[in-house]
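Student: starting from these lines, generate the structure:
(2 chains)
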Amino acid sequence: MICRLVYSTVRKILDMALLSRPLTLVCLVLIDSQPVLAQTSSDGAFRTDRINALILIAVFCAAVLLYTRWARQGRPLFLRKIPGLEAVEEAVGRATEMGRPVLFIPGISELDEIETIAGISILGRVAKITAQYDTPLTVPVRYPLVLAAAQEMVEQSYVEMGKKDSYDKDIVRYVAGEQFAFTANVNGYMMRERPATNIYMGAFFAESLLLAETGNAAGSIQIAGTARPEQLPFFIAACDYTLMGEELYAASAYLSHEPLMLGGLKGQDFVKMLIVAAIVLGVILVSLNLGGDTFLEWFEAV
Amino acid sequence: MRTTVPVAIAFLSGFLMVVSFFFREEATFIGGLSQNLLIWLTIVGGFTLLLGVVSITRVNWNAVKARKEGWIFKVFTLVSIFAMAVPAVLPSSWSPLFGRAEGSIYDWLFTYLDMPMMATMFATLAFYIASAAYRAFRARTAESTILLVTATVVMLWRVPMGEAFLNQFPGDIPTFLNTYIMNGANLAVQRGIIIGAALGAASMSLRIILGIERTYMGKG
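Tutor: Residues are numbered from 1 along each chain as shown, chains lettered A, B, ... in the order given. So this is what the prediction gives:
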């Protein structure tokens, strides 16, 4: 109910302000929040110094809900092609033709990381394809919680494709809790079994290049996706396709083609547009010394 | 019921975590709720550790029973799991070799086997970087040539000998690299990726909280 109230309020503002004037909205919000920023936040249970974050969350939620509603109403939503995701089915097909397995690693972080959840979502799609083609799938994991979630996901995928008999609980296996012990095990598997396709989707750290280079040496086609900017260069250098940052989170919606999920992507893009506008405005205000400090202070607590 | 309860739990948990961000932890119950939830997560995670041990034992034991290629290494894996785990969980009052204190079997195996092996794996990263760089830095197009030149100069700058070599040239090349390449172009692009990734994570979190995305439950 609260979401509906916020959404309807913001929608009225958007309709009045016209979607082509997001700067107007940002300025209105800034002007309205000035008295709030002037308060000291030492008293009271509610943190008034974070009210700007609340406003941004409200705008974000409203944008996502608005575009989701439009998607449900059947409005066409344009999505650019993501080569890495387009290549997933082709890569699994390659593994099927070669009679070699597919290796999928949903990151090496715990299940409380959103990247791991994104990786497991993609695992569900990949598992459906491997079930359809009867391609062997191996999913090594580093944490038991991820093991439980991934096993559930893969089993459900096999059941949905009518291949429950082909499902083996050991498709998803717990390997090791230590980062490099995990890496050593997976590298050894790659060199012995020579999987045709390696898919890395999730949070990776120093072992990213170890995994990708070993996979390259084993002759596998590799598709990687992570939101860690410091690991992206390694994946880009060593993998055939790389999903960067938000593309990893968009993968689930992209592969499902469900209007509800696609609407969320468009809402996210709208907020990104607002942020870009705010950055440009901030640069202009600071460069021309037109009260840029006040503008920057507003974003400090966000 | 099988779908509704997990979605309801996900909604409540996510909503409470968001709400607790706006309240003082020390002043209100709801403000400190996020910390409590994280502690509960750790406790639940501890229970699932048994799943991991069962999984790794089953996979390796089946490989040993079937005498698959390299089965002897699976035996080493099984022996090392229990050789490290069993003495660690036994009470140290029984023997100074038990438990995880200094001088115990667990501590000795961790310090003299585990840590050197982890350091070795990390050290091989340098050679992998060299092989990846050799393959990736090719002057095929204008952009790849710029990448090649920039990467070569930055890698040279990062080692003391290279920095000393660059200082021989007129103009403060290391400062230029630091200011305009690392803290300019590189940082700007990283921030752009971080902003995009953060929004993507927020969007995915919102979809999970509202029950739009249920793939984490195994519901494709």
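Student: what lies in contact with stretch B:168-178?
Tutor: By CB atoms under 8 Å, 6 or more residues apart in numbering or on different chains, the surrounding residues in contact with stretch B:168-178 are B:153-154, B:157, B:163, B:166-167. Where you see a C-beta, it was placed from the backbone N, CA and C, and this is true even at glycine.
Student: count of residues packed around A:Phe104?
Tutor: By other CB atoms under 10 Å in any protein chain shown, the residues close to A:Phe104 number 30.
Student: the helices in chain B, which residues?
Tutor: Along chain B, counting by DSSP state H, helices occupy B:4-20, B:33-47, B:49-65, B:71-89, B:105-109, B:115-123, B:125-136, B:142-158, B:160-166, B:173-176, B:187-209.
Student: possible to save these as TSV with distance to A:Pro136?
Tutor: Converted to TSV, those look like this (distance: least, CB to CB, whole Å):
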stretch	distance to A:Pro136
helix B:4-20	30
helix B:33-47	29
helix B:49-65	14
helix B:71-89	19
helix B:105-109	34
helix B:115-123	26
helix B:125-136	27
helix B:142-158	36
helix B:160-166	46
helix B:173-176	51
helix B:187-209	29
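Student: with mean pLDDT as extra columns, can I get those in JSON lines?
Tutor: Output for these, formatted as JSON lines (pLDDT from 0 to 100):
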{"stretch": "helix B:4-20", "mean pLDDT": "86"}
{"stretch": "helix B:33-47", "mean pLDDT": "81"}
{"stretch": "helix B:49-65", "mean pLDDT": "89"}
{"stretch": "helix B:71-89", "mean pLDDT": "91"}
{"stretch": "helix B:105-109", "mean pLDDT": "93"}
{"stretch": "helix B:115-123", "mean pLDDT": "92"}
{"stretch": "helix B:125-136", "mean pLDDT": "89"}
{"stretch": "helix B:142-158", "mean pLDDT": "87"}
{"stretch": "helix B:160-166", "mean pLDDT": "87"}
{"stretch": "helix B:173-176", "mean pLDDT": "83"}
{"stretch": "helix B:187-209", "mean pLDDT": "88"}
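Student: tell me which residue is most central in the chain.
Tutor: All of this refers to chain A. A:Tyr249 (1.7 Å; CA atoms, centre = their mean).
Student: might you report the residue contacts of the residue nearest to it when sequence neighbours are not counted?
Tutor: Distances taken as CB to CB, 6 or more residues apart in numbering or on different chains put B:Gly200 closest to A:Tyr249, at 3.3 Å, once the chain neighbours are dropped. Contacts for B:Gly200 (CB under 8 Å, 6+ apart) come out as A:227, A:245-250, A:268.
Student: return the subset of these lying in strands.
Tutor: Here DSSP state E is the test, and those give no hits in strands at all.
Student: those in helices, which ones?
Tutor: Per DSSP H, these map to helices at A:246-250, A:268.
Student: restricted to buried residues, select these in PyMOL.
Tutor: Command for PyMOL that selects the buried part of the ones in helices among the contacts of B:Gly200, burial taken from 16 or more other CB atoms under 10 Å in any protein chain shown:
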select buried, chain A and resi 246+247+248+249+250+268
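Student: among the ones in helices among the contacts of B:Gly200, which pair sits farthest apart?
Tutor: Based on CB to CB, the longest span within those runs between A:Leu248 and A:Gln268 and measures 12.9 Å.
Student: what segments of the stretch 51-200 of chain A are strands?
Tutor: Listed in chain order, the strands of the stretch 51-200 of chain A (DSSP state E, counting those that start in this stretch) span A:102-105, A:137-141, A:172-174, A:197-201.
Student: using JSON lines, lay out those strands together with mean pLDDT.
Tutor: Conversion of the strands of the stretch 51-200 of chain A to JSON lines gives the following (pLDDT from 0 to 100):
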{"stretch": "strand A:102-105", "mean pLDDT": "97"}
{"stretch": "strand A:137-141", "mean pLDDT": "96"}
{"stretch": "strand A:172-174", "mean pLDDT": "92"}
{"stretch": "strand A:197-201", "mean pLDDT": "96"}
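Student: among those, which comes closest to A:Ala63?
Tutor: The nearest among those, by CB to CB, is strand A:197-201 at 26.0 Å.
Student: who touches that closest one?
Tutor: So strand A:197-201 is in contact with A:88, A:91-92, A:94-95, A:102-107, A:118-119, A:122-123, A:126, A:190, A:208, A:211-212, A:215, A:220-226, A:235, A:239, A:243, A:248, A:251, going by CB under 8 Å, 6+ apart.
Student: can you narrow those to ones near chain B?
Tutor: Among the contacts of strand A:197-201, the ones lying near chain B by CB under 8 Å from any CB of the partner chain are A:118, A:212, A:248.
Student: can you tell me which residues contact the closest residue to B:Ile105 other than its chain neighbours?
Tutor: With sequence-adjacent residues excluded and distances taken as CB to CB, 6+ apart, B:Ile105 is closest to B:Pro87, at 4.1 Å. Taking CB under 8 Å, 6+ apart, we find B:Pro87 in contact with B:97-99, B:104-106.
Student: picking that back up, now which of the contacts of stretch B:168-178 would you call buried?
Tutor: Among those, the ones that count as buried by 16+ other CB under 10 Å are B:153, B:157, B:166.
Student: gap between the spatially closest residue to the first one that is not a sequence neighbour and A:Ala238?
Tutor: When you say that, I think you mean B:Val153. Closest residue in space to B:Val153, ignoring its immediate chain neighbours: B:Leu177 at 6.6 Å, by CB to CB, 6+ apart. To A:Ala238, B:Leu177 is 25 Å away according to CB to CB, to the nearest Å.
Student: that older thread, between the contacts of B:Pro87, which sits nearest A:Tyr174?
Tutor: Nearest member of the contacts of B:Pro87 to A:Tyr174, counting by CB to CB, is B:Tyr106, at 19.6 Å.
Student: just give me the neighbour total for that closest one.
Tutor: B:Tyr106 has 22 nearby residues by other CB under 10 Å.
Student: swap in A:Val126?
Tutor: Neighbourhood size, A:Val126 [other CB under 10 Å]: 27.
Student: so what's the residue lying closest to it once chain neighbours are set aside up against?
Tutor: Distance criterion CB to CB, 6+ apart; nearest residue to A:Val126, sequence neighbours excluded, is A:Phe104 at 5.7 Å. Counting by CB under 8 Å, 6+ apart, A:Phe104 makes contact with A:123, A:126, A:137-139, A:198-199, A:201.
Student: in ChimeraX, how would I select the buried members of those residues?
Tutor: Of those, the buried ones can be selected in ChimeraX as follows, counting by 16+ other CB under 10 Å:
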select /A:123,126,137,138,139,198,199,201
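Student: wait, doesn't the residue nearest to the centre of chain A sit right on A:Ile114?
Tutor: Yes. Proximity of A:Tyr249 to A:Ile114 meets the contact threshold set by CB atoms under 8 Å, at 7.4 Å.
Student: distance of A:Met261 relative to chain B?
Tutor: 7 Å (CB to the nearest CB, to the nearest Å).
Student: and that residue, how many neighbours?
Tutor: The local packing of A:Met261 (other CB under 10 Å) involves 23 other residues.
Student: who touches the residue nearest to A:Glu178 when sequence neighbours are not counted in this structure?
Tutor: Distances taken as CB to CB, 6+ apart put B:Met118 closest to A:Glu178, at 6.5 Å, once the chain neighbours are dropped. By CB under 8 Å, 6+ apart, B:Met118 lies in contact with A:178-181.
Student: buried residues, stretch A:204-211. List them.
Tutor: Of the residues in stretch A:204-211, those buried by neighbour count under the rule 16+ other CB under 10 Å are A:204, A:206-211.
Student: nearest to chain B among those residues?
Tutor: Nearest to chain B among these: A:Leu209, at 5.0 Å, using CB to the nearest CB.
Student: now B:Ser93: phi and psi?
Tutor: phi -70, psi -20 (degrees, to the nearest 10).
Student: give me the distance between B:Tyr106 and B:Thr57.
Tutor: For B:Tyr106, the distance to B:Thr57 equals 18 Å [CB to CB].
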